[in-house]
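Chemist: Generate a structure from the sequence data that follows.
(chains A and B)
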Number of protein chains: 2
Amino acid sequence: MTASAIKFEVIAAAGEARAGIIRTRRGVIETPVFMPVGTAATVKGIRFEELESSDLDPAIILGNTYHLWLRPGIETIKACGGLHRFMGWQRALLTDSGGFQVWSLGALRKVSEEGTQFRSHIDGSLRFLSPEVSMEVQVGLGSEIIMVFDECAPGRATYDEAARSMELTARWAKRSRVKFDELQLSAKDSSGAPVDDLSGAQALFGIVQGAGHLELRRESMARTVEIGFDGYAIGGLSVGEEKPLMFEIIDATAPHLPAHKPRYLMGVGTPEDLVESVARGVDMFDCVLPTRNGRNGQAFTSKGKINIKNARWTDDTRPLDEACGCSVCRRHSRAYLRHLFLAGEMLSSILLTHHNLAFFLDTMRRVRQSIRSDDFQRFRREFIEGLSSNDN
Amino acid sequence: MTASAIKFEVIAAAGEARAGIIRTRRGVIETPVFMPVGTAATVKGIRFEELESSDLDPAIILGNTYHLWLRPGIETIKACGGLHRFMGWQRALLTDSGGFQVWSLGALRKVSEEGTQFRSHIDGSLRFLSPEVSMEVQVGLGSEIIMVFDECAPGRATYDEAARSMELTARWAKRSRVKFDELQLSAKDSSGAPVDDLSGAQALFGIVQGAGHLELRRESMARTVEIGFDGYAIGGLSVGEEKPLMFEIIDATAPHLPAHKPRYLMGVGTPEDLVESVARGVDMFDCVLPTRNGRNGQAFTSKGKINIKNARWTDDTRPLDEACGCSVCRRHSRAYLRHLFLAGEMLSSILLTHHNLAFFLDTMRRVRQSIRSDDFQRFRREFIEGLSSNDN
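Modeler: Next comes the predicted model:
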């Protein structure tokens, strides 16, 4: 196992909730952190200049290995100097392993001990993804944080299905670790310094699986921690299981993961989910909700969700959220945003996505601040009350 | 006829080309000027913050009366305080009359002396647009520059068709003038000051029609000038006629329009067209090319056009235009923009539109500068040479 390329430090705690920092070669990430999703080398509808503006200002965004591997392809991205240079983003990147994306293909995939065979959703070509291939691709992309190649079980998987999947994930985690270490070492010169800007200075996170079965989750956690990673993720949640079960699983895992490593809850969730998961010890999140729902006309506000299509807003000159200071709320009314959505104008997606990301990212800033100032429980109560008021 | 609400002044000339300023209640417009098209209360894909940035910075944009009248409707826009407040744009606006848009509906419309009956492209409802209705709507929108309601003849219309259409346009121009004056007067208090922010301080432009027939164009010009307007437009060009004929018509009209009023060539055109029309005395332009073609993957550069889909750009790390300093060219490569386009990412449209608008607006800045510094003919020659080089 190579020395960690990131450094994590907890600087304040409130119950299980904790505020910390992750130092990477591309800047410091304050936690708890929300990572906007940049699937195909773009956070959909958002220019990088906007991402870097004080409204949004995320320290890290996520890229999807599966999508980038299929298009434009790793050779193109390498020829352009790696993913950061290709997309024009100089802050930190986390890439997923492709495991979840391939799992989402459903019937189009075939899982074996060796890896997963599937047909590309773009051109139908036959492709093969394995722990080794995923590590090669992610190291080639040059992301700061790389995820092990895992298998995801459905939220309602039976014990046997989930056990089989969890054990495969554990074997794949070991293979990911071995291949990752080999690639990191070969990317360093005799002094131990990285030979290029892309690899040799990356971190690898393990993933806890086990579907809805607490016993399997605990076993997966033990086996993942035993291998040893720079951070630990909880995968396979928000995939159809009931919400109380999701929190039960987070309770059974997050606070018991190594305290000196970041804990990452993958693909979750609503603003409530984020705050409730922070309360259970989670440090990192990613989710498509602010971007995808923005494109579909849904805005997240401090008083709950707004459907911008609603006729109520026809001539409502108020901003989406009167408590929000983002550039969209400073300038545009619900009436205007509704018009843009109904007219099918791209600017509707652009503006709703911007506001939603501002709301998620600002929520996390407030979460961090409240933990540091020992005020998290009050913040949590008032925030959840506001969301439930639906007083738009 | 009411006193003009705008003031135009020529400050330098080079042959027929002239540089000037138009003073409006919402800022000074330097001419020759290119007006980005904001059909449905948005310049497609561009945030207003970007429009206001130094990359773009247009002093005036265009809104389409037809589209806004149908959706969201004039009552909604009035309830939100007029078009400027509705969309969040505090600089000058020009609205067209709806005449050209209704003409574009083809078989869906029926023209009578009174006006044009047509079916809405949105919900199929039967609507009626006339000089009086168009004035009511445009005054209600609150734009700085309002266009008379005209009828457009096809580029290849016969003499008789074109004559009939031109004469109808002349009668409609008179009715537009009368209704406009009445609305402006009634929007002023006893001291002559506008009673609200929307009307009473607007300018009205006439439109020269006559299809491809120089004799009719001259007659239309004489009849339009006789009525008297705050500016004069040349309409019905770039609608299918040959390019030499277009320039013949511009030669026969633009330099002969009143020297102390702005001259506006509607719906034209390519970068070459703009510079060649400035050389013939035109002061104002609008065109969908930079925005529409940007969405379709076409970039305008100083060395000619680029089709971003082209496989040549697969791993080309150069910007769209090495001579361009816009935020897109400073940050993103052809390889990345090609990837975004092929992946169907919204950011492709956003970035290509931004660059194209930057190119058009910067070209007009350079046109103005060259006229002021008595260097227009050299600029014109070198600019056209560069475009024709296709040395991308």
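Chemist: quick one: secondary structure of A:Ile29?
Modeler: Under DSSP: H, G, I helix; E, B strand; the rest coil, A:Ile29 falls in the strand class.
Chemist: Would you mind confirming that it makes contact with A:Ile22?
Modeler: Yes: counting by CB atoms under 8 Å, A:Ile22 is a contact partner of A:Ile29 at 4.2 Å. From N, CA and C alone the C-beta is placed, and that goes for glycine too.
Chemist: which SSE is whichever residue of the stretch 101-250 of chain A sits closest to chain B in?
Modeler: Scanning the stretch 101-250 of chain A for the residue nearest chain B gives A:Ile122, at 8.8 Å (criterion: CB to the nearest CB). A:Ile122 belongs to no helix or strand when assigned by DSSP states H and E.
Chemist: What residues does it make contact with?
Modeler: A:70-71 (CB atoms under 8 Å, 6 or more residues apart in numbering or on different chains).
Chemist: ok, back up a step: quickly list what's touching both of A:Ile29 and A:Ile22.
Modeler: Shared contacts of A:Ile29 and A:Ile22, counting by CB under 8 Å, 6+ apart, come down to nothing at all.
Chemist: Check the gap between the spatially closest residue to A:Ile250 that is not a sequence neighbour and chain B for me.
Modeler: Ranked by CB to CB, 6 or more residues apart in numbering or on different chains and with sequence neighbours excluded, the top spatial neighbour of A:Ile250 is A:Arg280, at 4.7 Å. To chain B, A:Arg280 is 35 Å away according to CB to the nearest CB, to the nearest Å.
Chemist: Please name the residues that touch A:Arg280.
Modeler: A:16-17, A:247, A:250-251, A:254-255.
Chemist: I'd say A:Gly82 and A:Leu141 touch.
Modeler: Yes: taking CB under 8 Å as the definition, A:Gly82 is a contact partner of A:Leu141 at 6.5 Å.
Chemist: Mind checking what helix or strand follows the lowest-mean-pLDDT helix or strand in chain A in sequence?
Modeler: Lowest on mean pLDDT, DSSP states H and E among the helices and strands of chain A sits helix A:99-104, with a mean of 86. Downstream of helix A:99-104, the next assigned helix or strand under DSSP H and E is strand A:109-111.
Chemist: Identify the residues contacting that next one?
Modeler: A:102-103, A:116-118, A:151, A:168.
Chemist: Those residues: which two are farthest apart?
Modeler: A:Phe118 and A:Leu168 (15.6 Å; CB to CB).
Chemist: Of those two, give the one with the bigger neighbour count.
Modeler: A:Phe118 (23 against 17; other CB atoms under 10 Å in any protein chain shown).
Chemist: which residues touch the more buried one?
Modeler: With the criterion set at CB under 8 Å, 6+ apart, A:Phe118 makes contact with A:102, A:105, A:108-110, A:126-129.
Chemist: Verify the assumption that it is located in a strand.
Modeler: Yes: judged by three-state DSSP, A:Phe118 forms part of a strand.
Chemist: what's the closest non-adjacent residue to it?
Modeler: A:Arg109 (4.0 Å).
Chemist: what's the neighbour count on that neighbour?
Modeler: Neighbours of A:Arg109 using other CB under 10 Å come to 16.
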